[in-house]
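Undergrad: For reference, the sequence and a predicted model appear below.
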Amino acid sequence: MAFADYFQRNAMAATQLLKGMDFDGMKAVLERHRIGLVVDASANSAEGRAAADLTVRLIARFYPNISIHAAEADATAHAAELAKLAKAINPKISLSNTLGSVTHCLVVGKTPVTLKQKTGRLIYMGSDNWLAKVSLKKPVGSGSTRNPFGAGVAACLAAANLFRLVFAAQLDTTCVLDEDLTLSLLTLNRKAKTRGRAYRGSDLGRMFLVGAGAIGNGVLWAVARAEVTGELIVVDPQQIDLGNPQRYVMTVRKDVGSTKADLAVAWLAGSKGLKVTPEQKSWDDFARGTDWLFPRVLVALDTAEARIAVQASLPKWIVNAWTREAAIGVSRHPTLAGGGCLACQYLPAGKAPSLDVMVASTFGFAIEPQTPIVHPELMEIRQRLDRNVPCELAFLERVAVKKNLPIECLLPFEGRTLRDLYTEGVCGGQILGITADNQETLAEVPMAFQSALAGILLTAELVIDSQGLRAEPVLDETRINLMKPLLNNVCSPSGKDLEGRCICQDPDFQACYEEKYG
């Protein structure tokens with residue numbers, strides 16, 4: 001079988017985009033396809049290698065049958081490297097180096113390709129410095145700079161078009177692809193094709209990555225190729241489990257069981273002049289042991305509460321990324337003044353239920369009061385949260401029955417707290433899945449190309465801001481729907497909380513921010 005042993009997680013993610021499709025139906029569609037990747041000698045450039053590398057990291061996690069083909073003799077060694085990477089990601093993958101049975105094909109380089117399958121489509125990708133390019137008509141080539149950002153974005157957009165193509169019959173709306181796309185990461189506009197000056201690395205000083213999960217992996221992929229210097233502090237307390245490789249683009253199968261922060265150190269070991277410091281803690285625990293000075297913070301977290309906590313620690317500059325259903329987004333928060341801060345975006349509207357009620361209702365426990373006392377099931381949840389009671393097997397079996405989940409989805413949380421089960425399993429998407437009766441549970445799990453794109457754009461904002469590369473500022477938030485063709489302009493404004501509830505409108509927080517940074 002060519003499917004990865006973590007394929008069920010792929011199905012969990014894809015079914016959120018393909019409403020009504022079941023697990024077996026998805027596997028049947030994928031088994032009918034062999035996805036090709038063609039590289040030529042021109043793809044040996046830094047930009048070309050970045051695009052091809054990320055493309056393999058995206059397709060090898062999801063598609064069970066792929067072919068990696070060298071269009072020229074000088075690309076043979078490169079193709080062999082990519083094939084080795086694909087096998088490391090999914091040791092069960094069906095891999096070839098010819099195009100005979102390829103149904104759809106991704107192309108990096110300048111070489112036109114012809115497929116034997118008459119219904120097969122070609123997706124050409126490439127870049128030119130800060131420009132990402134995708135075309136269904138002709139090769140677009142790769143630039144000569146060391147810039148990984150345009151190349152990485154192109155790979156993600158090409159992978160999104162491939163997904164829409166493979167599952168065209170299952171998508172809610174008519175499948176429309178990006179026929180001819182050029183996006184400038186400097187303007188975030190398809191009309192202003194600004195490539196910028198030739199790329200150079202820079203000293204980014206002291207910076208913090210909060211969350212080394214799916215989006216954080218996209219950040220680390222970009223940082224590993226961006227030739228930046230300084231110190232990167234990676235804050236994440238968790239280990240990699242079998243549910244993660246589906247969308248963590250830097251991981252290979254053998255990384256399961258390693259801690260995320262330590263892997264970040266290993267992945268960036270070849271970055272000269274960049275010190276990587278792992279912190280296996282939550283942001284709250286980490287921040288309490290520091291000087292509370294956070295010049296630049298990249299936020300790649302799962303929950304609104306965690307993001308608000310980061311803003312409450314008053315970093316000087318924040319950029320935040322998220323995924324939601326078919327969309328990804330990045331928001332910019334350069335100061336506490338001006339537009340909306342990070343907390344403004346995530347303040348609850350109206351009354352929010354308490355944590356114990358949210359956890360109980362999520363896992364199917366009764367929350368309605370038995371007048372005049374609290375329902376026994378809600379009281380049990382409350383006590384487990386308050387006392388950090390470990391989840392024993394019998395409790396997990398009850399959850400599995402209530403939510404109609406395979407017990408195997410919950411076993412990684414045996415001996416861990418209910419809070420872990422909720423924050424990682426639900427908010428972090430680790431136990432979302434197709435249940436026994438093909439019904440979806442509550443959380444969201446993004447596809448790899450969604451998370452990677454969010455992380456790469458997050459890192460691009462860091463480099464662009466540090467080098468002052470934008471002639472004119474862009475609006476506060478970038479939002480991209482990856483199930484539709486890219487819009488001409490993907491940015492919109494975001495303002496402060498209209499009710500004045502946010503910390504950025506509080507005089508004490510404002511004074512503290514000014515005292516910290518002047």
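TA: Good, I have the coordinates.

Undergrad: Where in the chain is the helix or strand with the lowest mean pLDDT?
TA: Sorted by mean pLDDT, DSSP states H and E, the helices and strands of the chain end with helix 7-17, the least confident at a mean of 73.

Undergrad: Counting by contacts, list what that one packs against.
TA: Secondary-structure packing of helix 7-17 (3 or more CB pairs under 8 Å, 6 or more residues apart in numbering; DSSP states H and E): helix 23-31. Any C-beta I mention is one placed from the backbone N, CA and C, and that applies to glycine too.

Undergrad: mind listing what the nearest residue to residue 301 once chain neighbours are set aside touches?
TA: Sequence neighbours aside, residue 211 is the residue nearest to residue 301 in space, at 4.6 Å (criterion: CB to CB, 6 or more residues apart in numbering). The contact partners of residue 211, taken as CB atoms under 8 Å, 6 or more residues apart in numbering, are 235, 236, 299, 300, 301, 302, 306.

Undergrad: Put together CSV for the residues you listed, with pLDDT, secondary structure and neighbour count on each row.
TA: CSV is the format used below for the contacts of residue 211 (pLDDT from 0 to 100; DSSP: H, G, I helix; E, B strand; the rest coil; neighbours: other CB atoms under 10 Å):
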residue, pLDDT, secondary structure, neighbour count
235, 98, strand, 26
236, 96, coil, 26
299, 98, strand, 26
300, 97, coil, 27
301, 94, coil, 25
302, 86, coil, 22
306, 92, helix, 18
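
Undergrad: Surely residue 323 is in contact with residue 218?
TA: No - using CB atoms under 8 Å as the test, residue 323 is too far from residue 218 to be in contact (10.2 Å).

Undergrad: So the two - more neighbours on which side?
TA: residue 218 (33 against 25; other CB atoms under 10 Å).

Undergrad: so what's that one closest to, chain neighbours aside?
TA: residue 455 (1.9 Å).

Undergrad: Please state the backbone phi and psi of the residue nearest to residue 301?
TA: The phi/psi pair for residue 211 (degrees, to the nearest 10) reads phi 110, psi 110.

Undergrad: Residue 491 versus that one, what's the distance?
TA: The gap separating residue 211 from residue 491 is 23 Å, by CB to CB, to the nearest Å.

Undergrad: do the same with residue 100
TA: With CB to CB as the criterion, residue 100 and residue 491 are 44 Å apart.

Undergrad: Those two: who's more crowded?
TA: Relative neighbour count places residue 491 above the other of residue 100 and residue 491, with 17 against 12, counting by other CB under 10 Å.

Undergrad: where's the residue nearest to residue 218, which helix or strand?
TA: helix 448-467 (DSSP states H and E).

Undergrad: now for that helix, which elements pack on it?
TA: Secondary-structure packing of helix 448-467 (3+ CB pairs under 8 Å, 6+ apart): helix 46-59, helix 149-166, strand 203-210, helix 214-225, strand 296-299, strand 317-324, strand 327-333.

Undergrad: any idea which helix or strand comes after that helix?
TA: Per DSSP H and E, the helix or strand that comes after helix 448-467 is strand 477-481.

Undergrad: Just give me how far that following strand sits from the chain centre.
TA: Distance of strand 477-481 from its chain centroid, counting by CA atoms, centre = their mean, to the nearest Å, is 14 Å.

Undergrad: which other helices and strands contact that strand?
TA: strand 327-333, strand 491-492.

Undergrad: So which of the ones you listed has the densest surroundings on average?
TA: Mean neighbour count (mean count of other CB atoms under 10 Å) peaks for strand 327-333 among these, with a mean of 24.

Undergrad: Could you check the angle it makes with strand 317-324?
TA: Angle, strand 327-333 to strand 317-324, by axes from the mean of the first three to the mean of the last three CA atoms, to 10 degrees: 170 degrees.

Undergrad: Go ahead and confirm residue 157 touches residue 136.
TA: No - Residue 157 is not in contact with residue 136 according to CB under 8 Å; the separation is 11.9 Å.

Undergrad: what bits of this structure have low per-residue confidence?
TA: Counting by pLDDT under 70, the low-confidence segments of the chain come to 1, 12, 16, 19-20, 172-174, 370-371, 427-445.

Undergrad: can you list the domains in it?
TA: 7-184, 203-348+447-517, 355-427 (automatic domain parsing).

Undergrad: what about the longest one, start to end distance?
TA: End-to-end distance of domain 203-348+447-517: 20 Å, with CA to CA, to the nearest Å as the criterion.

Undergrad: Remind me which helix or strand the nearest residue to residue 96 once chain neighbours are set aside belongs to.
TA: What sits nearest to residue 96 in space, not counting adjacent residues and going by CB to CB, 6+ apart, is residue 67, at 4.5 Å. For residue 67, the host element (DSSP H and E) is strand 65-70.

Undergrad: With residue 314 instead?
TA: Residue 314 belongs to no helix or strand, assigned by DSSP H and E.

Undergrad: Likewise for residue 196?
TA: For residue 196, there is no helix or strand it lies in under DSSP H and E.

Undergrad: Export the helix holding residue 455 to PDB, keeping only CA atoms.
TA: Taking Å, rounded to 0.1, in the frame of the first residue of the first chain, the C-alpha atoms of helix 448-467 are listed here in PDB:
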ATOM      1  CA  ALA A 448      -0.100  21.000   4.100                       C
ATOM      2  CA  PHE A 449      -0.100  23.600   1.400                       C
ATOM      3  CA  GLN A 450      -2.300  25.800   3.500                       C
ATOM      4  CA  SER A 451      -0.100  25.700   6.600                       C
ATOM      5  CA  ALA A 452       3.100  26.000   4.600                       C
ATOM      6  CA  LEU A 453       1.900  29.100   2.700                       C
ATOM      7  CA  ALA A 454       0.800  30.800   5.900                       C
ATOM      8  CA  GLY A 455       4.200  30.100   7.500                       C
ATOM      9  CA  ILE A 456       6.200  31.300   4.400                       C
ATOM     10  CA  LEU A 457       4.200  34.500   4.200                       C
ATOM     11  CA  LEU A 458       4.700  35.000   7.900                       C
ATOM     12  CA  THR A 459       8.500  34.800   7.500                       C
ATOM     13  CA  ALA A 460       8.400  37.000   4.400                       C
ATOM     14  CA  GLU A 461       6.800  39.700   6.400                       C
ATOM     15  CA  LEU A 462       9.700  39.500   8.900                       C
ATOM     16  CA  VAL A 463      12.400  39.900   6.300                       C
ATOM     17  CA  ILE A 464      10.500  42.500   4.300                       C
ATOM     18  CA  ASP A 465       9.900  44.600   7.400                       C
ATOM     19  CA  SER A 466      13.500  44.300   8.700                       C
ATOM     20  CA  GLN A 467      14.900  45.400   5.400                       C
END
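
Undergrad: Right, I'll leave it there.
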